[in-house]
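> Sharing a model prediction with you, sequence too.
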Amino acid sequence: MKKILLIKGDGIGDEVVTQTKKIINFFDKHTDKKFTCEEALLGGVAYDQYQTPYPKQTLELAKEADAILLGAVGGPKWESLAYQHRPERGLLGIRKDLQLFANLRPAKVFNALCDSSTLKKEIVDNLDIMIVRELTGDLYFGEPRGVSTLADGSRQGINTMTYNSKEVERIARVALELANIRGKKLCSIDKANVIETTEMWREVVSEIAKKDYPQIQLSHMYVDNCAMQLVRNPKQFDVVVTGNMFGDILSDIASMLTGSLGMLPSASLGEKQKNGKQFALYEPVHGSAPDIAGKNIANPLATILSFAMMLRYSFAYEKEADAIEKAAALVLDDGNRTADIANKNQATVSCSQMADKVIEKLNEIMAN
Ligand code: NAD
């Protein structure tokens, strides 16, 4: 029995997680994979109830769960709150407390949606790459940092890019393991020609790969070239690993190759502990979309596909994860579209109808 913590959050988070729960229930009812779900509050809804975006009991439940599925947090209602009360502080807080250092962002193009990309069809069809971003180090956390006024009255801003070799090693191992179960190719991204921290990054990744993963074809690329290659010829990549700052930008470029925010899942993983437990949070890449919240028109597929990632990476339920991805592809092949992925004048299905269509396909796939 796997224990899942559902954190719906704000805006469309409620709708997309509620729809994904139907998929969880499907597996619980019709297969030998069993789940129990609990719910916790985070973000604006948590603030409204407890005057904090990150209640203590949410962290406690998160620590007890085998994996967490999150919708999204934030919205205009809470934008004027003091910094520490804003919904985003809840999300950053839980990521920090669970030490979720590895962010996995697949960029996969579903054949039926090839035309949604701004790039030419032949550049993106069948694209399936994985960006692995380090999430707890680098410029975003390095000290010293801040802006000060100098003696001559001008202001100086300082941020520090910092990584130690242990941090590089643990993210390298996550990426090498992923490459091992995918296409056995890893490209590590740095700026080793001008930034010493990333020169060390390159050395550590090379050492680990040579010592423990000789079967993986490792290459290195400068970040500026990678940005260019991602739009020129993205299919040359399989798994890409990089630091927090470069990963922030490259993962957004990669995800937009697919053309649709409502289709993009993600996972954030912690370190495996001695007892085998590994904290993991799965969430769609999109935000709370206040402009469409409460209308039952959001695309639930990014969250449903995030649940598929949970099955694969937290529970090693490959068959069930594959089934969800296949079901989503078939539903799209049949022409079902939520508004965000529909062409002009194309009929649309609602958020709940999309989830029901996925379940219909799952029924067929799992019966075979
Ligand atoms: P957003 O991702 O919420 O929305 C951007 C656009 O994409 C909107 O037009 C929205 O309607 C559309 N969209 C997003 N997801 C969709 C889906 N599943 N189906 C159909 N259309 C979808 O980004 P934003 O508007 O910049 O931010 C809105 C709020 O979300 C802000 O408060 C922001 O801070 C927050 N946010 C939260 C997260 C998170 O929780 N991880 C991430 C990004 C933004």
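All right, it came through fine. These numbers were taken from a predicted model, which means no experiment stands behind them.
> do you know how far whichever residue of the stretch 201-350 of the chain sits closest to the ligand is from Pro87?
Of all residues in the stretch 201-350 of the chain, Gly287 sits closest to the ligand, at 2.4 Å by CB to the nearest ligand atom. Every residue, glycine included, has its C-beta placed from N, CA and C. Look at Gly287 and Pro87: by CB to CB, to the nearest Å, they are 10 Å apart.
> neighbour-wise, which of those two wins?
Pro87 (27 against 19; other CB atoms under 10 Å).
> Could you verify my assumption that the more buried one touches Ile7?
No - the pair Pro87 / Ile7 is not scored as a contact, 11.5 Å apart, by CB atoms under 8 Å.
> Return every residue with contacts to both of Gly287 and Pro87.
Val73, Gly74 (CB atoms under 8 Å, 6 or more residues apart in numbering).
> tell me which parts of the stretch 251-368 of the chain are close to the ligand?
Residues of the stretch 251-368 of the chain lying close to the ligand (CB under 6 Å from any ligand atom) are 261-262, 283, 286-292, 298-299, 302, 340.
> thinking again about what came up before, let me know the secondary structure of the residue of the stretch 201-350 of the chain closest to the ligand.
coil (DSSP: H, G, I helix; E, B strand; the rest coil).
> Tell me the spacing between the residue nearest to it when sequence neighbours are not counted and Ala302.
Leaving out its chain neighbours, the residue that sits closest to Gly287 by CB to CB, 6 or more residues apart in numbering is Ala72, at 4.9 Å. Distance, Ala72 to Ala302, by CB to CB: 10 Å.
> Overlap of the contact sets of those two?
Counting by CB under 8 Å, 6+ apart, the residues touching both Ala72 and Ala302 are Val16, Pro284, His286.
> Now do the contacts for the closest residue to the first one other than its chain neighbours.
Spatially, and ignoring its direct neighbours in sequence, Val16 is nearest to Thr303 (4.0 Å; CB to CB, 6+ apart). With contacts taken as CB under 8 Å, 6+ apart, Thr303 has the following neighbours: Val16, Val17, Gln19, Thr20, Leu69, Gly71, Pro265, Glu283, Pro284.
> Any idea how many residues pack against Asn233?
Close neighbours of Asn233, defined as other CB under 10 Å, add up to 10.
> confidence score at the closest residue to it other than its chain neighbours?
Spatial nearest neighbour of Asn233, chain neighbours left out: Ile123 (7.2 Å); criterion: CB to CB, 6+ apart. Listed pLDDT for Ile123 reads 95.
> what residues are up against Leu311?
The contact partners of Leu311, by CB under 8 Å, 6+ apart, come to Lys33, Tyr317, Glu318, Glu320, Ala321, Ile324.
> before we move on, what about Lys21?
With CB under 8 Å, 6+ apart, Lys21 has these contacts: Leu6, Cys37.
> circling back to that earlier point, could you let me know which of the shared contacts of Ala72 and Ala302 ends up closest to Val204?
Lowest distance from Val204 to the shared contacts of Ala72 and Ala302 (CB to CB) belongs to Pro284, with 31.7 Å.
> Quick check: bridge partners of the closest one?
Beta bridges link Pro284 to Pro265 when assigned by DSSP bridges.
> what's the distance between it and Ile341?
14 Å.
> now Glu199
42 Å.
> ok, the two, which is more surrounded?
Comparing Glu199 with Ile341 by neighbour count (other CB under 10 Å), the higher total belongs to Ile341, at 22 against 14.
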